[in-house]
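Asker: Can you look at this prediction? I've put the sequence above it.
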2 protein chains.
Amino acid sequence: MQNHTVGGWLDELASEASTPGGGAAAAMNAAVGAALISMVCNLTIGRPKYAEYEKELTEALAEAEELRGDAVRLAADDAAAFGAVIAAYQLAKTTEDERLARTAAIQQALVGAADVPLRTAELAAALIALARRILPGSNVNVVSDVAVAASSARAALDAAVVNVEINLAALADEAHRTAVRARLDAAVTAGAEADAVVAEVREKIAK
Amino acid sequence: MQNHTVGGWLDELASEASTPGGGAAAAMNAAVGAALISMVCNLTIGRPKYAEYEKELTEALAEAEELRGDAVRLAADDAAAFGAVIAAYQLAKTTEDERLARTAAIQQALVGAADVPLRTAELAAALIALARRILPGSNVNVVSDVAVAASSARAALDAAVVNVEINLAALADEAHRTAVRARLDAAVTAGAEADAVVAEVREKIAK
């Protein structure tokens, strides 16, 4: 998505085209959250008042930039995974052999289609943890942006959960479903952490 | 923001530049939510299976498109309002008259700076109401995207709340603060509505 204009990308998202869709939207929410964490780090690093947090925020900046790159790539991965599902459904189903091959291909594509939002959920959880980590040492002038970052990452997480579940619903392999569900449940705990970051920021602002 | 590339806009968001910042990020989250509502409407309208919802979704599509345009404009308004605050702080403060004029200019600029996120919060609340309205008649194949839209609008709402509060904290006019707070409190109730939309979608998927 990164080479589209923002307006053009939003137009495509709004259109009937099958991609970009909700998976890319979740990835965009995550990218926005990552960019804001970078902004807060950039506006804090080098300020004498925050010298004691310099090392922590420099590390956080590198991590946020990496997560932002990953998020942008996830939007492309989502389109590819969706394309594989569509291609599998379009396979021939005249003979019994074709039907078996088609069913196997669909199931394989669905595994890939569930994997992208699962990685989005885990990335969002990592962003929320990062927002929490930088909060004590963030420049107070932009502390509200830490909350905005956490909210945006939370939206990515919530969206990714629904996107995983809609793909799992059609997945036959119960062992794989269980494994995905366990990883998803682990990521989901970050939702409460995001709310805690927002609440802490609002307290700081009210003081 | 609409004429920037997505990658370029994210780079600017991540940078030390004062705009775009959290206000533009909230506006982007709202625009993503609006675009997804449009997508769901576009993928439902004209399908015989959903004929009874045709009128409702056609109206919802027009509304979502209007809200998306408003959201994109809010990102620009946010940058302008922030610029006005910076300009006011940079006014001369040598004489007593200058100091009084500067204080008045800062307060006036802060009113504008609180107004943009307040309108973002109200726009996000309208989007969440729209997501709820289209849910019963949405194409089941893209019902997960209604949840993604609601999550994204909720992030815009939560972010806008923090952005209003950080501006209100510096605002001297108590009557204006009270009026803004009342409008903000009214918008905030949509947060629970967004969670209800996500929960309802997850139930539909699990069936």
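Answerer: Perfect, thanks for sending it.

Asker: Can you tell me the element residue A:155 falls in?
Answerer: Secondary-structure assignment from DSSP states H and E places residue A:155 in helix A:143-168.

Asker: Residue A:163 and residue B:94, how far apart?
Answerer: From residue A:163 across to residue B:94, the span is 59 Å (C-beta to C-beta, to the nearest Å). All C-beta spots, glycine's among them, are computed from the backbone N, C-alpha and C.

Asker: just to revisit the earlier point, and chain B, is the helix holding residue A:155 touching that?
Answerer: Yes. When contact is scored as C-beta under 8 Å from any C-beta of the partner chain, part of helix A:143-168 falls within range of chain B: A:143-145, A:147-149, A:151-152, A:154-155, A:158-159, A:161-163, A:165-166.

Asker: and that helix, average pLDDT?
Answerer: Along helix A:143-168, the predicted confidence averages to a pLDDT of 96.

Asker: OK, contacts around the residue positioned nearest the centre of chain A?
Answerer: Relative to the mean C-alpha position of chain A, the nearest C-alpha, by C-alpha atoms, centre = their mean, is the one of residue A:120, at 3.3 Å. Applying C-beta atoms under 8 Å, 6 or more residues apart in numbering or on different chains, one finds that residue A:120 lies in contact with A:23, A:26-27, A:30, A:71, A:74, A:78, A:156, A:159-160, A:163.

Asker: of all those, which comes closest to residue B:180?
Answerer: Distance from residue B:180 was checked for each of the contacts of residue A:120 by C-beta to C-beta. The minimum falls on residue A:156, at 28.9 Å.

Asker: hey, where'd the helices end up in chain A?
Answerer: Assignment of helices within chain A using DSSP state H yields the ranges A:6-14, A:22-42, A:54-89, A:96-134, A:143-168, A:174-188, A:190-206.

Asker: Just the C-alphas of the shortest one, formatted as PDB.
Answerer: Extracted C-alpha coordinates of helix A:6-14, given in PDB (Å, rounded to 0.1, in the frame of the first residue of the first chain):
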ATOM      1  CA  VAL A   6      -3.600   8.000   0.900                       C
ATOM      2  CA  GLY A   7      -6.700   9.200  -1.000                       C
ATOM      3  CA  GLY A   8      -6.300   6.500  -3.700                       C
ATOM      4  CA  TRP A   9      -5.700   3.700  -1.100                       C
ATOM      5  CA  LEU A  10      -8.800   4.800   0.800                       C
ATOM      6  CA  ASP A  11     -10.800   4.800  -2.500                       C
ATOM      7  CA  GLU A  12      -9.700   1.200  -3.200                       C
ATOM      8  CA  LEU A  13     -10.500   0.200   0.400                       C
ATOM      9  CA  ALA A  14     -14.000   1.600   0.000                       C
END
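
Asker: Going by neighbour count, which residues in that helix are buried?
Answerer: The neighbour-count criterion (16 or more other C-beta atoms under 10 Å in any protein chain shown) identifies A:6-7, A:9-14 as the buried residues of helix A:6-14.

Asker: quick revisit: from the contacts of residue A:120, pick the one nearest chain B.
Answerer: Distances from chain B to the contacts of residue A:120, taken as C-beta to the nearest C-beta, are shortest for residue A:159 (4.0 Å).

Asker: Can you verify my assumption that residue A:61 contacts residue A:42?
Answerer: Yes. Judged on C-beta atoms under 8 Å, residue A:61 makes contact with residue A:42 at a distance of 6.8 Å.

Asker: Quick check on these two: which one has the bigger neighbour count.
Answerer: When residue A:61 and residue A:42 are compared for neighbours, residue A:61 comes out ahead with 21 against 18, by other C-beta atoms under 10 Å in any protein chain shown.

Asker: which residues does that one contact?
Answerer: Applying C-beta under 8 Å, 6+ apart as the definition, the contact partners of residue A:61 turn out to be A:37-38, A:41-42, A:45.

Asker: And for residue A:72?
Answerer: Taking C-beta under 8 Å, 6+ apart as the contact definition, residue A:72 lies against A:1-2, A:27, A:31, B:6-7, B:10.

Asker: Need the pLDDT of residue A:1.
Answerer: pLDDT, residue A:1: 79.

Asker: Compare neighbour counts for residue A:163 and residue B:94 and give me the winner.
Answerer: Here residue A:163 and residue B:94 are compared on neighbour count by other C-beta under 10 Å; more neighbours surround residue A:163, at 28 against 7.

Asker: quick one: that one and residue B:205, what's the gap?
Answerer: When C-beta to C-beta is the yardstick, residue A:163 and residue B:205 sit 10 Å from each other.

Asker: who touches both of these two?
Answerer: A shared contact of residue A:163 and residue B:205, defined by C-beta under 8 Å, 6+ apart, is any residue touching both; here these are residue B:144.

Asker: got the contact list for the nearest residue to residue A:45 once chain neighbours are set aside?
Answerer: Counting by C-beta to C-beta, 6 or more residues apart in numbering or on different chains, the nearest residue to residue A:45 once its immediate chain neighbours are dropped is residue A:57, at 5.3 Å. Neighbour list for residue A:57: A:41, A:44-45, A:50, A:134, A:137-138 [criterion: C-beta under 8 Å, 6+ apart].

Asker: how about 6 Å then?
Answerer: A:41, A:44-45, A:134, A:137 (C-beta atoms under 6 Å, 6 or more residues apart in numbering or on different chains).
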